[in-house]
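A.B. asks: Next input, structure requested:
(chains A and B)
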Amino acid sequence: MDYKDLANLIFPDAKEISYYEEKYPERNLPEGAVVTRFAPSPTGFVHIGGLYQALVARTIAQKTGGVFFLRVEDTDQKREVENGVTGIVNSLKDFDMAPDEGMISDTEEIGNYGPYKQSLRRDIYQAYAKYLIEQGKAYPCFCTVEEGEEIRQKQESAKIRPGYYGVWAKCRNLTVEEAIQKIKNGENYIIRFKSPGREDKKIKHKDIIKGNVDFPENDQDIVIIKADGLPTYHFAHAVDDHLMRTTHVIRADEWLSSVPLHLQLFQELGFKAPKYAHISPIMKNDNGGKRKLSKRKDPEAAVSYYKEQGIPYEAVKEYLLNIANSTFENWRRANPDKKMEEFDFQLNKMSVSGALFDMVKLLDIGKTIISKMTAEEVYERSYEWAKEYDLDLEDLLKDKSYALKVFGIERGNKKPRKDISKWSEVKENIEYMYDNKFFEKSQNYSYPEAISNKEDISKILKLYIEKYYDENDDKQTWFDKIKALSVEMGYAGEVKEFKANPDKYKAHVGDVSTVIRIALTGRTNTPDMYEIMKVLGKETVISRLEKAIK
RNA sequence: GGCCCCGUGGUCAAGCGGUUAAGACACCGCCCUUUCACGGCGGAGUCAUGGGUUCGAUUCCCGUCGGGGUCACCA
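C.D. replies: This next block holds a predicted model:
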């Protein structure tokens, strides 16, 4: 009896691997095209770090005319969540990052290299496991989980390197006959890889991001097929990325230390190994220390958070791209109107250490992006957001033509207004432009200290309505009138004049217009008041000012 | 603990043997015919540390310290 008999006993129905090799041929792609993938567990949850990886993978594939696909790693049933795949697909879509190929929902997929869901690839993994067993490169292991723990405890107390290797790998040296007998006796088993490596030897690995990294060889006989018949991550990675013809594996750097194992697996399987790019995680300051953004502790770890907050997806992508290649920022400055896809992204220029997440910077990018949108775009986007997350705002926005006028204030010119960084700020930003919201709030404004005299305030407002305000004035005339009003009331018509002779005046034109601004909007900081008055219209302007006169 | 990676201003970072050590966000001041936002100008602030190598080290080597990762029938 030989390995072949053993292999046949374990996987009697498995196909020859040549079947799969032919079924999934080399991809016919242009020279230099890169094939990448995003391979999450179907938890439905996408971590910002996952999005980061996917963005990098997709960008590099797109840039080279390659393929970016979505594979679902569901070999651990405990992680499975209902509709998890759809959740992930939708998150990717929210960021305009749909894959070229792979899963498109929990049950559907596109592309010729599937199935793209690992639990559906059981036969494939078993074929390759069988192939390894036939060659004596893998073997059945009858050790129970408890035995495994015992071994580890012994190793730990003896301060020996833990794991299933060397003398600790009991089942490694079972003869074929012994193994067959045990199987026939009905003993449970799993399949382990028979590592040819030696811990005292080094292997060289050149990572695209991390550079040259030398490791001891792997000598662990890791599990490749679990008791449930599904593969472990390591084995599935080797088989899938080979068969799906992945050229570049872009993944989190927590995988870096398993590169020796993976290289060995590719080698023993007779596969050409892909190139690896291990990405540093996105971190967060946690009293003194740094740690990865945590799903449990940090809401901003979830990609859904950005959607809920109404942060434009482009801002998130640009921010992430900037962490990936800091030269992006300079490029963006030089090319403010180009699409981010035109940026010449370099995988090997990525930072080797993890960046601290900077929400302030993200929001700044959001502000810039929104400032470049037309009023129409701002309207559509904030309305879409409001429908899902803020019914009150949705209500305000129902009158589209008015909303467009409001969003049009100081927008569309060379120096557009930059005051909205996310859609959740819109309401706060525009609500005073609506009478129902405006009058909801208390009318007890605090006027500037410079003009605390109540009588003066009322006089200013009264005079303005009666003598100066004319809705048909152009901007210059409008402002000249406020100056004239100031002078008439004993205030300086020019700020400079006031600063030169502070004793000559009660205050200056700026203070006078602040009075009007507050009466009109209820706040000290607003966009251009002339435009606001235009949008509000004569009737509203006068009614608000009159209400403010005591 | 073993193995591996990393350490330039508050943050992201360029630079990789000789630089006044870029730039962005944040911060401060001034200017921009009224506020705020924008924009302009200016400012403060950094090469973890100790040894080497070198005419010269932020750049190269070693140690220390600090941070991170990994050591599952989880991915």
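A.B. asks: Need the pLDDT of A:Glu449.
C.D. replies: pLDDT, A:Glu449: 65.
A.B. asks: Of all the residues in the lowest-mean-pLDDT helix or strand in chain A, which ones are buried?
C.D. replies: Lowest mean confidence among the helices and strands of chain A (mean pLDDT, DSSP states H and E): helix A:495-500, at a mean of 80. Neighbour-count burial for helix A:495-500 flags A:Glu497, A:Phe498 (criterion: 16 or more other C-beta atoms under 10 Å). (Glycine included, C-beta is placed from N, CA and C.)
A.B. asks: What is the end-to-end distance of stretch A:199-217?
C.D. replies: This stretch, stretch A:199-217, spans 5 Å end to end (C-alpha to C-alpha, to the nearest Å).
A.B. asks: correction: stretch A:276-289
C.D. replies: Taking C-alpha to C-alpha, stretch A:276-289 runs 29 Å from one end to the other.
A.B. asks: That one near RNA strand B anywhere?
C.D. replies: Yes - using C-beta under 7 Å from any atom of the strand, stretch A:276-289 reaches RNA strand B at A:Pro281, A:Met283, A:Gly289.
A.B. asks: Where neighbours are concerned, which of these has the most?
C.D. replies: Counting neighbours by other C-beta atoms under 10 Å, A:Pro281 leads those with 21 neighbours.
A.B. asks: Now do the contacts for that residue.
C.D. replies: Residues in contact with A:Pro281 (C-beta atoms under 8 Å, 6 or more residues apart in numbering) are A:Gly49, A:Ala252, A:Asp253, A:Glu254, A:Lys292, A:Leu293, A:Gly354.
A.B. asks: what does A:Ile104 give?
C.D. replies: A:Ile104 touches A:Leu70, A:Val89, A:Ala98, A:Ile110, counting by C-beta under 8 Å, 6+ apart.
A.B. asks: one more time with 7 Å
C.D. replies: A:Val89, A:Ile110 (C-beta atoms under 7 Å, 6 or more residues apart in numbering).
A.B. asks: With A:Leu321 instead?
C.D. replies: Taking C-beta under 7 Å, 6+ apart, one finds A:Leu55, A:Phe328, A:Met340, A:Phe343 in contact with A:Leu321.
A.B. asks: secondary structure class for it?
C.D. replies: Put simply, A:Leu321 is helix when judged by DSSP: H, G, I helix; E, B strand; the rest coil.
A.B. asks: and the gap between it and RNA strand B?
C.D. replies: Taking C-beta to the nearest atom of the strand, to the nearest Å as the measure, A:Leu321 falls 10 Å from RNA strand B.
A.B. asks: Repeat that for A:Asp337.
C.D. replies: Counting by C-beta to the nearest atom of the strand - A:Asp337 and RNA strand B are separated by 14 Å.
A.B. asks: same check, this time on A:Asn413
C.D. replies: 10 Å.
A.B. asks: all strands of the stretch 151-300 of chain A, in order?
C.D. replies: Counting by DSSP state E, counting those that start in this stretch, the segments of the stretch 151-300 of chain A that form strands are A:190-193, A:202-207, A:211-216, A:223-225, A:248-252, A:275-279, A:282-286, A:289-292.
A.B. asks: Mean pLDDT lowest where, among the ones you listed?
C.D. replies: Mean pLDDT is lowest for strand A:289-292 among the strands of the stretch 151-300 of chain A, at a mean of 84.
A.B. asks: before we move on, the earlier item: closest to RNA strand B out of the contacts of A:Leu321?
C.D. replies: A:Phe328 (9.2 Å; C-beta to the nearest atom of the strand).
A.B. asks: Next, count neighbours for that closest one.
C.D. replies: So A:Phe328, with other C-beta under 10 Å, has 20 neighbours.
A.B. asks: isn't it right next to A:Leu320, touching?
C.D. replies: No - counting by C-beta atoms under 7 Å, A:Leu320 is not a contact partner of A:Phe328; they are 9.5 Å apart.
A.B. asks: so what sits against both of those two?
C.D. replies: Common neighbours of A:Phe328 and A:Leu320 (C-beta under 7 Å, 6+ apart) do not exist.
A.B. asks: What parts of the stretch 351-500 of chain A come near RNA strand B?
C.D. replies: So the stretch 351-500 of chain A meets RNA strand B at A:351-356, A:358, A:360-361, A:364, A:367, A:371, A:410, A:415-419, A:475-476, A:479, A:494-495 (C-beta under 7 Å from any atom of the strand).
A.B. asks: Contact residues of the stretch 51-200 of chain A facing RNA strand B?
C.D. replies: Applying C-beta under 7 Å from any atom of the strand, we find that the stretch 51-200 of chain A lies next to RNA strand B at A:73, A:75-76, A:78-79, A:143-145, A:148, A:152, A:159, A:161-164, A:188, A:190.
A.B. asks: mind running it again at 10 Å?
C.D. replies: For the stretch 51-200 of chain A, the residues in contact with RNA strand B (C-beta under 10 Å from any atom of the strand) are A:71-79, A:118, A:141-149, A:151-152, A:155-156, A:159-165, A:188-192, A:199.
A.B. asks: Now A:Phe357: phi and psi?
C.D. replies: Here is the backbone geometry of A:Phe357 (degrees, to the nearest 10): phi -70, psi 130.
A.B. asks: Just to check, A:Trp168 is in contact with A:Glu150?
C.D. replies: No - applying C-beta under 7 Å, one finds A:Trp168 not in contact with A:Glu150, separated by 10.5 Å.
A.B. asks: out of those two, which sits in the more crowded spot?
C.D. replies: A:Trp168 (19 against 12).
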